[in-house]
Structure formats: structure tokens, C-alpha cells
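J.: The sequence and its predicted three-dimensional model are supplied below.
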Amino acid sequence: MGKVAIIGVGQSRFVRNYPGSIRELAFEGFKEAITDAGITPQDIDASILCSAPEYDKQRSPSAVVAEYLGLNPQPTFYVESLCSSSSTGLRMAYAMVASGVHDVVAVIGLQKMSEISSAESQERMGRGADIQWESPFGTMMPAYYAMHAQAHMDKYGTTLEDLAMVRVKASTYGQINERAVFRKPVTQDMFTDPKNMMSGPVSSPLRVGDCCANADGTSCLIVASEERARSFCRKPVWILGVGAASASVNLTGRDTLYGLRAAEQAAKQAYAMAGLGPRDIDVAEVHDCFTIAELLAYEALGFVGPGGAKELIRSKETYKEGIIPVNVDGGLLSKGHPIGATGGSQVRTIVLQLRGEAGDIQVRDPQIGLVHNIGGVGIYGNVTILGNE
Amino acid sequence: MSEKKEDVRFGRFGTVSFTKTMRVNDFIDHLEKGKVMFTHCKTCGANFFPPRADCSGCLSSDMDWREVSGTGKLVSYSQLQYAPVGFEADVPYSIAMLDYGDFQIFGRFGNDLDPAEVKIGMPMATVANTLSNGQLNFVFNKA
Ligand SMILES: [Zn+2]
């Protein structure tokens, strides 16, 4: 199979209440990505739209987005894996390009979550679990991740302070990310101040400060064959490894709650395909929808052994200057989590890092980067490894 | 003219049910009689909770109902202080999972159980329960 590159990346600001429709939202990231790639819509052979359904009224959104972006009559496809939809879209684009079916594919992730209330949104997210046997108990995403947090704390001695440290790190970078929805500083003592919003209980042991913010946003990646990449692009970033796995939706099918098996399996595949290991990664984006999720990711990706995540965050080794910088764009916690756009946004951050174009958050001379993107509560695991020439 | 009546019994499961018609709707009749049941594959012997009409191991659909008995170990839990639409009146409540060895059960703690009293790994029992809105579910109590 041929080599496959990412030749253009784009992303909107992540905001509350985007003042426009989903097709208009999609335009923002798309324009930035094709401008970045130096191509026109006519150069694109196919488009893949990635979002989670039921947050807006449009059915089969790939068609209206393709029309609005000038991507007819090229084929367009809709893929969905909840919060990892655009990583799934990237995997599809990789397969299409590597196989020679298409040469240039646009992967467009988007979500406009603000058409519904936060409680309605929680209900829809809750229905991304088992609606027959779990949802009737009143489940929601924070509660499922809270069960993982409780199990991890019990098994490994991870503390509430460790969880807060993840949020403090995210806010360090969210403050300087113009595209982030949450740009305020967060400090450790906010979590112990009962008058501070951050300490408010959501689902024990998780507090408001442990949860990412809903947002409206879009991301766009232009994926190309080696030949096209070299003809269009100054600095193609290569897809070195892709891993994907699934796990049971119902938690009763999981053998542990102190780790996410689908993430571990996706990581193993991506490392094997790239011929690399955890120590080769210079910069990473992980799926920190909740603080505990970032700690689970450190272990799933092998940055530390089982139970070692707390040491990594305590020693600040995942800050920009550390051994393995993680989520130096503010992560989902500060940047925001517009479900279908999230994976593409994570990939964009890594592509900019590898090109040395990440500005204030630039890590020193990274050559290999990794993206970890989870759909649902560990249902869909996706790991992508990117590298320079 | 007679129309076959739709089997909507599963609509009675939980505070809010999102499905009505399943081929394991007999679960609800057992629950109403105070029994929490799992399914047992008569062909290969696999046990399933949540109950399934079809065996994923041997693809047989020849299933028996058996009663969940004894205790399971508490795997994890969380107390919700904020609820999705339709569950507001239940707050606070705790979701949890028990490990019975052969299978695990996802559910809720009994209402009078304070999460401060529980510990991961402790034995708990699963019992049928009627909710204040007349719906049926099952809850976990200290063994
Ligand atoms: Zn069987």
C-alpha cells in the first residue's frame, strides 16, 4: 500500500452557541484546510462527514455539507463513532487513499450541540450507551467515567488531587489557545473551595472541573496519496500507524473499569504498524473528556505502566517541557469537545506541532506525534501515529 | 377483526425506558414477581446478563430463564448529583456494577443505601424493586 499524508488542516473556533447552521460551520474548517493545503475543492476526490447524530435536525448531513462546500459530484460519506467520529473518518480516508480508490479525501468533523439544552445533551450522550439495559437507570457520560475513576482510585491510589492536576494543566494551555471555548485559568484550590463552581459535584468522584465543556465546532483534514502530497505540499505529515478497536457498549461486558481495553488494543495496533513504541512519541493528544480519561490514556498508550499515571501528572512530565507533552492545546477540557470535530482537531494540533507551526504551544523539535481519540465510554478506541519525512 | 397485540412489556423497565419490545420481555414478568433472571443457553451452557434471546457463542436461540442468586462483588459505583432529562426526580441516586463471576450486572443502589457505607469489592445482592412512578427495576443492597 502507498504512503498517505495529511496535507492540510483546519479548525473553527470552538464556541458556545455558534451563530449559524452546520453547513456554514463546516465551511470554516474546510476553507482553512484547503487554503493550508494550497488546493481547490475540485482537487478533492471524495468527502467524509463525521458527526454524532441527533444534536441537530439535519438527517444525512454529508450531502448538505458536500453541496455547500462545492464538493458535488464527488462521492460523500457519513461516518459516526460518537466522540471519535473524525478519527474514524481519518481511518476511512487512509484506507481509501492507500488502496488507490481515491487520491485526495477531505475529512470534515463537526458538531453543533447548542440547539439543545445541556440536560438534553446529557440524555442523548447517555443513549450512546446501552439504551435497553443501562439508560433506564438514568446514566450519563460523566457517571460512567466516574465509575472508571472510582475503580482507578480504588485499584491504584489515584486521588482527587491528581484529577484536578489534569484540569490545571489543560487550563494552562487553554488560556493561550484562541480557538478554545474555555480560556480561564483553573487552580488546584478551586477544587477544594465549596464556593467555587469547579468543586461542584456532578457524579462522584467527578466534579464540574473534571468535565469538559460542550461546544460547537468543526475540523477538517485533507488526506492525500504520496504523489499528490508531494505535488501540492511543502511539508506533508505522514500517517505512520492507525489502530482501531471496539469494546462492549454495556459495562457488564468489560473485564475491568480501571482501564479502557479498546484504547489499549488500538495503541498496540498503531505502534506495530508504525514500528514504534511509546518512547518514540514526542508529543501526544489524548481524549480527556474527563480528567480521569487523560490518566487512563497515559496507561493505555504505555507512557507509564498500569497505575503509573498519577506519578506522570504529579511530576509534570506531560507539560510542554516534559518527557511526553500531552494536550498542550488545552485538550477537550479547555479547548472544548464538539463531538464529531474533536478527533480532527486533535490531529490538527499534532500536524502543526510536527511542522513546527504550533506557535506558543510548540514543543521542541517533535518528529513523531500520536492522537488517542475515544468514542463513548471506551466503546470505540482510535490511535493514530503521525510523523515527519 | 382481531389484531395481534404488540408486546410492549419492556416499556415498564426503569424510571424511563427507551425500548418496549424485546424478545426477552418475559424478564419483566419475572421482575414483577420479585425475581431478577438471567438467560442460560441450553445448547452450550453460557449464562447471560443482561438476558439475551440469542447466544453469541454458539448462535443458538434455545434459552432458559434462571434466577440470579447469591451475591456479587461491587466493581464500581458513582452517585449522580445531576441527572439526564426524565430522571431529575430521582437525584441523588447511585449507579453501580456487580460481578457475579459468570456475568456482571449493571444497576442502581437501593435508595436507602449511602455510598459512604460501601467499598469496592464488598458483596451485594440484586433485588427486584418498584419505583415511585410504578415502573420496575432492580437494585443492589448490602448482603
Ligand atoms: Zn450457546
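T.: All right, it came through fine. Given the structure is predicted, the values throughout are model-derived calculations rather than measurements. Residues are numbered from 1 along each chain as shown, chains lettered A, B, ... in the order given.
J.: Which parts of the stretch 201-350 of chain A are strands?
T.: Counting by DSSP state E, counting those that start in this stretch, the stretch 201-350 of chain A has these strands, from start to end: A:201-203, A:206-207, A:217-225, A:237-246, A:283-285.
J.: Those residues of chain A touching chain B, which are they?
T.: By the rule CB under 8 Å from any CB of the partner chain, the part of chain A lying against chain B is A:119-120, A:122-123, A:126-127, A:130-140, A:142-144, A:146-151, A:154, A:200-206, A:250-253, A:257. C-betas here are computed from N, CA, C, even on glycine.
J.: neighbours around residue A:41, how many?
T.: 16 (other CB atoms under 10 Å in any protein chain shown).
J.: After the host helix or strand of residue A:354, heading C-terminal, what element do we hit next?
T.: Using DSSP states H and E, residue A:354 falls within helix A:342-355. With elements assigned by DSSP H and E, the helix or strand that comes after helix A:342-355 is strand A:368-375.
J.: Specify the angle between that next one and helix A:342-355 in degrees.
T.: Counting by axes from the mean of the first three to the mean of the last three CA atoms, to 10 degrees, strand A:368-375 lies at 170 degrees to helix A:342-355.
J.: Check which helices and strands the helix holding residue A:354 is in contact with.
T.: Counting by 3 or more CB pairs under 8 Å, 6 or more residues apart in numbering or on different chains; DSSP states H and E, the packing neighbours recorded for helix A:342-355 are strand A:4-11, helix A:85-98, strand A:104-111, strand A:217-225, strand A:237-246, strand A:283-285, strand A:368-375, strand A:380-387.
J.: Ok, which of the ones you listed comes nearest the ion?
T.: The ion lies closest to strand A:237-246 among the helices and strands packed on helix A:342-355, at 21.6 Å (CB to the ion).
J.: ok, that closest one: who's next to it in the sheet?
T.: Based on DSSP bridges, the strands next to strand A:237-246 in the sheet, each with its direction, are strand A:4-11 (antiparallel), strand A:380-387 (antiparallel).
J.: Include mean neighbour count, mean pLDDT and distance to the ion when you put the ones you listed into CSV, please.
T.: Output for the strands paired with strand A:237-246, formatted as CSV (neighbours: other CB atoms under 10 Å in any protein chain shown; pLDDT from 0 to 100; distance: least, CB to the ion, whole Å):
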stretch, mean neighbour count, mean pLDDT, distance to the ion
strand A:4-11, 26, 98, 42
strand A:380-387, 27, 98, 27
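J.: Need those in CSV (columns: distance to residue B:25).
T.: What follows is the strands paired with strand A:237-246, written out as CSV (distance: least, CB to CB, whole Å):
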stretch, distance to residue B:25
strand A:4-11, 47
strand A:380-387, 30
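J.: could you give the mean pLDDT of stretch A:96-111?
T.: Mean pLDDT, taken over the full extent of stretch A:96-111, equals 97.
J.: Correction: the previous question concerned stretch A:243-260.
T.: Averaging pLDDT along stretch A:243-260 yields 97.
J.: First-to-last residue distance for that stretch?
T.: 14 Å (CA to CA, to the nearest Å).
J.: do the same with stretch A:297-310
T.: 12 Å.
J.: can you tell me how far the residue of chain B found nearest chain A sits from residue B:63?
T.: Among residues of chain B, the one nearest chain A by CB to the nearest CB turns out to be residue B:14. It sits 2.1 Å away. When distances are taken as CB to CB, to the nearest Å, residue B:14 and residue B:63 turn out to be 22 Å apart.
J.: Name the residue in those two with the higher neighbour count.
T.: Looking at residue B:14 and residue B:63 with other CB under 10 Å, you find the greater number of neighbours at residue B:14, namely 25 against 21.
J.: which residues does that one contact?
T.: Residue B:14 sits next to A:135-138, B:131, B:135-137 when contact means CB atoms under 8 Å, 6 or more residues apart in numbering or on different chains.
J.: could you redo the last one with a cut-off of 7 Å?
T.: A:136-137, B:135, B:137 (CB atoms under 7 Å, 6 or more residues apart in numbering or on different chains).
J.: okay, it: pLDDT?
T.: Listed pLDDT for residue B:14 reads 96.
J.: And for the residue nearest to it when sequence neighbours are not counted, the neighbour number?
T.: In space, not counting the residues next to it along the chain, residue B:14 is nearest to residue A:136; the distance is 2.1 Å by CB to CB, 6 or more residues apart in numbering or on different chains. Residue A:136: 27 surrounding residues under other CB under 10 Å.
J.: Ok, residue A:2 next?
T.: Using other CB under 10 Å, residue A:2 has 13 other residues around it.
J.: Quick one: low-confidence residue ranges for chain B.
T.: Counting by pLDDT under 70, the ranges of chain B that qualify are B:1-3.
J.: Number of residues surrounding residue B:56?
T.: Other residues close to residue B:56 by other CB under 10 Å number 9.
J.: How about the contacts made by it?
T.: When contacts are counted by CB under 7 Å, 6+ apart, residue B:56 touches no other residue.
J.: just to revisit the earlier point, save the helices and strands packed on helix A:342-355 as CSV, and put in distance to residue A:71 too.
T.: Formatted as CSV, the entries for the helices and strands packed on helix A:342-355 read as follows, by distance: least, CB to CB, whole Å:
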stretch, distance to residue A:71
strand A:4-11, 14
helix A:85-98, 14
strand A:104-111, 7
strand A:217-225, 12
strand A:237-246, 22
strand A:283-285, 27
strand A:368-375, 24
strand A:380-387, 23
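J.: looking at those, which is closest to residue B:32?
T.: Using CB to CB as the measure, strand A:237-246 is the one of the helices and strands packed on helix A:342-355 that comes nearest residue B:32, at 34.8 Å.
J.: Within range of the ion, give me the residues from chain B.
T.: If contact is defined as CB under 5 Å from the ion, the residues of chain B in contact with the ion are B:41, B:43-44, B:46, B:55, B:57-58, B:60.
J.: My guess is the residue nearest to residue B:14 contacts residue B:15. True?
T.: Yes - the pair residue A:136 / residue B:15 is scored as a contact, 6.4 Å apart, by CB atoms under 7 Å.
J.: rewinding a little: would you mind listing which of the residues of chain A next to chain B are buried?
T.: A:119, A:122-123, A:126-127, A:130, A:132-140, A:142-144, A:146-151, A:154, A:202-206, A:250-252, A:257 (16 or more other CB atoms under 10 Å in any protein chain shown).
J.: residue contacts, whatever residue of the stretch 51-200 of chain A ends up closest to the ion?
T.: Evaluated by CB to the ion, the stretch 51-200 of chain A has residue A:133 as its residue closest to the ion, separated by 19.4 Å. The neighbourhood of residue A:133, defined by CB under 7 Å, 6+ apart, consists of A:250, B:50, B:106.
J.: if you skip the residues just before and after it, what's nearest to residue 96?
T.: All of this refers to chain A. residue A:102 (4.6 Å).
J.: wait, chain B
T.: The shortest distance from residue B:96 to any residue that is not its chain neighbour, by CB to CB, 6+ apart, is 3.7 Å, and that residue is residue B:77.
J.: Any figure for the gap between the one you found and residue B:40?
T.: When CB to CB is applied, the distance between residue B:77 and residue B:40 equals 27 Å.
J.: Which of these two has more residues huddled nearby?
T.: Comparing residue B:77 with residue B:40 by other CB under 10 Å, the one with more neighbours is residue B:77, at 25 against 18.
J.: Wasn't the more buried one part of a strand?
T.: Yes - according to DSSP: H, G, I helix; E, B strand; the rest coil, residue B:77 belongs to a strand.
J.: shouldn't residue A:74 be in contact with residue A:45?
T.: Yes - assessed by CB under 7 Å, residue A:74 is found in contact with residue A:45 at 5.8 Å.
J.: Let me know the distance separating residue A:79 from residue A:69.
T.: For residue A:79, the distance to residue A:69 (CB to CB) stands at 17 Å.
J.: Next: residue A:259.
T.: 40 Å.
J.: out of the residues of chain A next to chain B, which are inside strands?
T.: Judged by DSSP state E, the subset of the residues of chain A next to chain B located in strands is A:201-203, A:206.
J.: What is the nearest of those to residue A:272?
T.: Compare each of these with residue A:272 using CB to CB and the shortest gap goes to residue A:206, at 33.6 Å.
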